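[1] coords below, sequence missing:
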């Protein structure tokens, strides 16, 4: 087995391997964009994935996080029997839940297709037919997520990231070689779940028994009371996505796809940085309130450091990136402008996307999930309400949907941060505000340079060639000349990167 990783190693592994993961994922989207474009066919696919997200993937995150704190503790105490009962029980339970969800898709596919209420009858029929090819993914998504939580609890993050990269490569190769197959988007997704699960299942069993146990043993029953709250909490992320696509189903062809492409780009930084992937384990290891407070605030400082330059880039320069990556074949310049306009609105969500799940995990570890249940319900209600107002009263179309989601995400984050005081976790607001102000000041110089010095209407690739080096210069300077705590924090990260 691989040696477990510490916090900074986990963060660096996340950055490196998630970057590779998105490289392969973007190759997939590039191929799809050129061959299909923002069309009805792609709308149906992204709606099917949104439905799978609500009914299946939301459960996966429950299994992903519910057992980690206890599993971390058992691993530290080397309680082998308890580990096997906990892991085996959840494996059995995950397959029971997956089997029940699978039965619903088999028996009621037409009814589930009506979740895309704005689709025409023909589109609903195609959506219903697509579920057949997603059945293996529906069955194995939860067990795979459980296997991932075991790897994260044991701090074997590299193995976790490698199987995610393998999944992306499987989809990429399937689409590249079978692009003319009408169902390739669906069965390649199922393959990307099935093959990694089989490999990880064998890998985990080389060091411990990863097999079926009583799904209602004492270890499991002690945690089951958390399931409803965790499902509501983590399912809310997928309900946000689904509500966007639900309202977009009433709009024109390609609008769901445009939202999906903008979402794919906006989550690059949150997914590459991957705070939730390692923060739960690091926070669970701490018992002293002072250490917990330090880790939470350091995590926020790093989130801010990654977020501000990312927001600036998405707001002012991402149209060049979209054009270079996707604008070929059936993906037109008009499609680029549509995705860019949505992405500009979504850009402010980078901070909530980076912070929200990590904050939710804090409440989970502290057994205070009830504190954020009302906040989650409020956020979902606000998102749906704002979507309705933007679409039917303000007539803002797909931009209104993006705006509604961004506002709701920011409101939810603010409420979550305020709630941390109930855990006696002090947020260093003044320190973070100074850090944010400094980063905005530094990155604003890039915007001025672009508009005042760089000649307008340069080719996209030329502008990126000029702008990206500016970011690479300004970002290091932004902490080198900063006198606050964050300078030392980033220096530690950089020293670990170069092996000092």
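    Looks like it arrived, so ask away. Note that the structure is predicted; figures quoted are calculated from it, not measured. Numbers count the residues shown, from 1 in each chain.
[2] model confidence over stretch 245-257, on average?
    The average pLDDT within stretch 245-257 is 90.
[3] ditto for stretch 470-478
    pLDDT averaged over stretch 470-478 gives 87.
[4] buried residues, it. List them.
    Within stretch 470-478, the residues that count as buried by 16 or more other Cβ atoms under 10 Å are 470, 471, 474, 475, 478. Using the backbone N, CA and C atoms, a C-beta is placed for each residue, glycine as well.
[5] then stretch 231-239?
    232, 233, 234, 235, 236, 237, 238, 239.
[6] tell me which of these is nearest to residue 347?
    Lowest distance from residue 347 to the buried residues of stretch 231-239 (Cβ to Cβ) belongs to residue 237, with 18.2 Å.
[7] my understanding was that that closest one contacts residue 60; is that so?
    No: using Cβ atoms under 8 Å as the test, residue 237 is too far from residue 60 to be in contact (11.3 Å).
[8] export the buried residues of stretch 470-478 to TSV and tack on distance to residue 180 and secondary structure?
    Output for those, formatted as TSV (distance: Cβ to Cβ, whole Å; DSSP: H, G, I helix; E, B strand; the rest coil):
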residue	distance to residue 180	secondary structure
470	42	helix
471	39	helix
474	45	helix
475	43	helix
478	48	helix
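[9] which one of those is nearest residue 393?
    Using Cβ to Cβ, these come closest to residue 393 at residue 471, 39.0 Å.
[10] verify the contact between that closest one and residue 310 for me.
    No: with contact defined as Cβ under 8 Å, residue 471 does not count as touching residue 310 (9.6 Å).
[11] low-confidence stretches in the chain?
    Counting by pLDDT under 70, the chain has low-confidence residues at 1-19, 22, 64-65, 67-69, 207-209, 272-287, 452-458, 493-500.
[12] in it, which spans are strands?
    For the chain, applying DSSP state E gives no strands.
[13] residues near residue 198, how many?
    Neighbourhood size, residue 198 [other Cβ atoms under 10 Å]: 11.
[14] check the spacing between it and residue 144 real quick.
    Separation of residue 198 from residue 144 (Cβ to Cβ, to the nearest Å): 10 Å.
[15] and the residue nearest to residue 377 when sequence neighbours are not counted, how far is that from residue 53?
    Excluding its sequence neighbours, the residue lying closest to residue 377 (Cβ to Cβ, 6 or more residues apart in numbering) is residue 232, at 7.5 Å. To residue 53, residue 232 is 15 Å away according to Cβ to Cβ.
[16] do the same with residue 404
    18 Å.
[17] and the two? Which one has more around it.
    Set residue 404 next to residue 53 and count neighbours by other Cβ under 10 Å: residue 404 wins out with 27 against 19.
[18] need the contact list for that one.
    Neighbour list for residue 404: 383, 386, 387, 389, 390 [criterion: Cβ atoms under 8 Å, 6 or more residues apart in numbering].
[19] contacting residues for the last one?
    It refers to residue 390. Contacts of residue 390 (Cβ under 8 Å, 6+ apart): 396, 400, 401, 403, 404.
[20] tabulate the residues you listed in a markdown table, adding columns for distance to residue 271.
    Conversion of the contacts of residue 390 to a markdown table gives the following (distance: Cβ to Cβ, whole Å):
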| residue | distance to residue 271 |
| --- | --- |
| 396 | 28 |
| 400 | 26 |
| 401 | 22 |
| 403 | 23 |
| 404 | 23 |
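[21] max pairwise distance over those residues: which two?
    Farthest pair in the contacts of residue 390, by Cβ to Cβ: 396 and 404, 8.7 Å.
[22] touching, residue 151 and residue 164? I think so.
    No: look at residue 151 against residue 164 with Cβ under 8 Å: they stay out of range, at 10.6 Å.
[23] burial of the closest residue to residue 443 other than its chain neighbours, as a residue count?
    Nearest residue to residue 443, sequence neighbours excluded (Cβ to Cβ, 6+ apart): residue 312, at 4.5 Å. Neighbourhood size, residue 312 [other Cβ under 10 Å]: 21.
[24] same question, residue 225
    Neighbour tally, residue 225, other Cβ under 10 Å: 10.
[25] distance-wise, check it relative to residue 232.
    Between residue 225 and residue 232 the computed distance is 13 Å (Cβ to Cβ).
[26] repeat for residue 410
    Applying Cβ to Cβ, one obtains 20 Å for the distance of residue 410 from residue 232.
[27] dump the residue contacts of residue 320.
    By Cβ under 8 Å, 6+ apart, the residues touching residue 320 are 460, 461, 463, 464, 467.
[28] surely the third one touches residue 316?
    No: using Cβ under 8 Å, residue 463 is not in contact with residue 316; the gap is 10.2 Å.
[29] any residues in contact with both of those two?
    With Cβ under 8 Å, 6+ apart, residue 463 and residue 316 have common neighbours residue 450.
[30] surely residue 118 is in contact with residue 250?
    Yes: between residue 118 and residue 250 there is a contact under Cβ under 8 Å: 3.6 Å.
[31] looking at those two, which is more packed in?
    Counted by other Cβ under 10 Å, residue 118 and residue 250 do not tie: residue 118 has more neighbours, with 16 against 13.
[32] for that one, grab phi and psi.
    Torsion angles at residue 118 (phi, psi; degrees, to the nearest 10) stand at phi -80, psi -10.
[33] now it: how far from residue 53?
    18 Å.
[34] got it, and residue 186?
    14 Å.
[35] now for residue 399: which residues touch it?
    Taking Cβ under 8 Å, 6+ apart, one finds 341, 342, 345 in contact with residue 399.
[36] please apply the same query to residue 264.
    Per Cβ under 8 Å, 6+ apart, neighbours of residue 264: 25, 29.
[37] and if we set it to 7 Å?
    Applying Cβ atoms under 7 Å, 6 or more residues apart in numbering to residue 264 gives the contacts residue 29.
[38] from now on call the first residue 7
    Okay, using 7 as the starting number, the last item reads as residue 270.
[39] okay, now residue 182: neighbour count?
    So residue 182, with other Cβ under 10 Å, has 13 neighbours.
[40] cool, and residue 260?
    Burial of residue 260 is recorded as 23 neighbouring residues (other Cβ under 10 Å).
[41] again, but for residue 437
    15.
[42] now do it against residue 490, distance only.
    Distance from residue 437 to residue 490, by Cβ to Cβ: 7 Å.
[43] what sits closest to residue 34 if chain neighbours are left out?
    Going by Cβ to Cβ, 6+ apart, residue 34 has residue 178 as its nearest residue, at 4.7 Å.
[44] now do the helices in the stretch 307-456 of the chain.
    Counting by DSSP state H, counting those that start in this stretch, the stretch 307-456 of the chain has these helices, from start to end: 324-332, 339-352, 356-371, 376-394, 403-425, 435-458.
[45] looking at those, spot the one closest to residue 224.
    Across the helices of the stretch 307-456 of the chain, closest to residue 224 is helix 356-371 (Cβ to Cβ), at 20.2 Å.
[46] thanks again, I'm all set now.
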